[in-house]
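Novice: coords please:
(chains A and B)
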Amino acid sequence: MSDTLPKVTSLIRDLFDEYEGPVTRDLTAMKVSQWDSLGHVQLMVLVEQAFGVRFSADQIGKFRNLGDLIDAIDTKRAGRA
Amino acid sequence: MIRAGDCATHDFVVDQEAMRWFQAMSKDVSRIHCDPEFARERGFKDVIAYGGIMLAHLSHVLGMKLPGPSGTSTKWTIAYREPLYVGEPARITLEVTYASEATGIIEGKFRITSGDRVIATGTTQSKVPLDEIDAGAQVA
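Specialist: I've put the predicted structure just below:
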């Protein structure tokens, strides 16, 4: 099983520290009050650093939910392996 | 263009005028900053400079040098390690540690030193226009 969701969950818990709901693949920014435009770019930076991947500006604007982000991370990690 | 590894420095001295100004602005009249006898009883040589004044100088580095006038600060952390005394020369050295092409986020680490003493260390995060980041020079 991929360790991506647990790692991303930890990042989300740290960054959006007022959010206490579940972190699942269908999580969206709409459900997290701290997940605004700045929170989004800060999350992207944390993800880049945690997983050693790089996104493009185009990519980070197209994630519909956390599942899309996790899939993109896994795709980049698989391509690097 | 900003890239990981870029550095900026800024020299400053916290003088009595700055102390008075900060005290009036912050309404912080705690004895460690205002009462020399109290400070000496606590093991310090004299009153110690307000940490907020050092942050004001950090603001100068970020706003005027690196990333400069187009940046917006989004996060700072600081750990105060040794006291800075009024009248002591000090230097801030800031280095860019991470530059994200996708987000326009610049991260840096800084040290505030006085001679060979490390007064404070910390990190910064700023948002800049995407076209100001040199994507060709990234730290892994």
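Novice: and the nearest residue to residue A:63 once chain neighbours are set aside, what does it touch?
Specialist: Distances taken as Cβ to Cβ, 6 or more residues apart in numbering or on different chains put residue A:69 closest to residue A:63, at 4.8 Å, once the chain neighbours are dropped. The way it works is simple: take the backbone N, C-alpha and C, and place the C-beta from them, glycine included. Neighbouring residues of residue A:69 by Cβ atoms under 8 Å, 6 or more residues apart in numbering or on different chains: A:8, A:47, A:63.
Novice: And the pLDDT at residue 9?
Specialist: The chain I'm using is chain A. pLDDT, residue A:9: 97.
Novice: that answer is for a different chain, and I need it for chain B
Specialist: So, for residue B:9, pLDDT stands at 98.
Novice: what's the burial count for the nearest residue to residue A:55 once chain neighbours are set aside?
Specialist: Sequence neighbours aside, residue B:102 is the residue nearest to residue A:55 in space, at 4.3 Å (criterion: Cβ to Cβ, 6+ apart). By other Cβ atoms under 10 Å in any protein chain shown, 20 other residues sit near residue B:102.
Novice: and residue B:102, what does it touch?
Specialist: So residue B:102 contacts A:44, A:48, A:54, A:55, A:56, A:57, A:59, A:60 (Cβ under 8 Å, 6+ apart).
Novice: List the contacts of the fourth one.
Specialist: Contacts for residue A:55 were tallied using Cβ under 8 Å, 6+ apart; they are A:44, A:47, A:48, A:72, B:102, B:103.
Novice: Quick one: buried ones out of those?
Specialist: Among those, those buried by neighbour count (16 or more other Cβ atoms under 10 Å in any protein chain shown) are A:44, A:47, A:48, A:72, B:102, B:103.
Novice: helix, strand or coil for the second one?
Specialist: Using DSSP: H, G, I helix; E, B strand; the rest coil as the criterion, the local structure at residue A:47 reads helix.
Novice: which residues does it contact?
Specialist: A:8, A:11, A:53, A:55, A:69, A:73.
Novice: and with 7 Å instead?
Specialist: With contact taken as Cβ atoms under 7 Å, 6 or more residues apart in numbering or on different chains, residue A:47 is in contact with A:8, A:11, A:69, A:73.
Novice: In which helix or strand does residue B:122 reside?
Specialist: Secondary structure assigned from DSSP states H and E places residue B:122 in strand B:117-127.
Novice: Partner strands of that strand, with direction?
Specialist: Strand B:117-127 has the following sheet partners, assigned by DSSP bridges: strand B:72-80 (antiparallel), strand B:105-114 (antiparallel).
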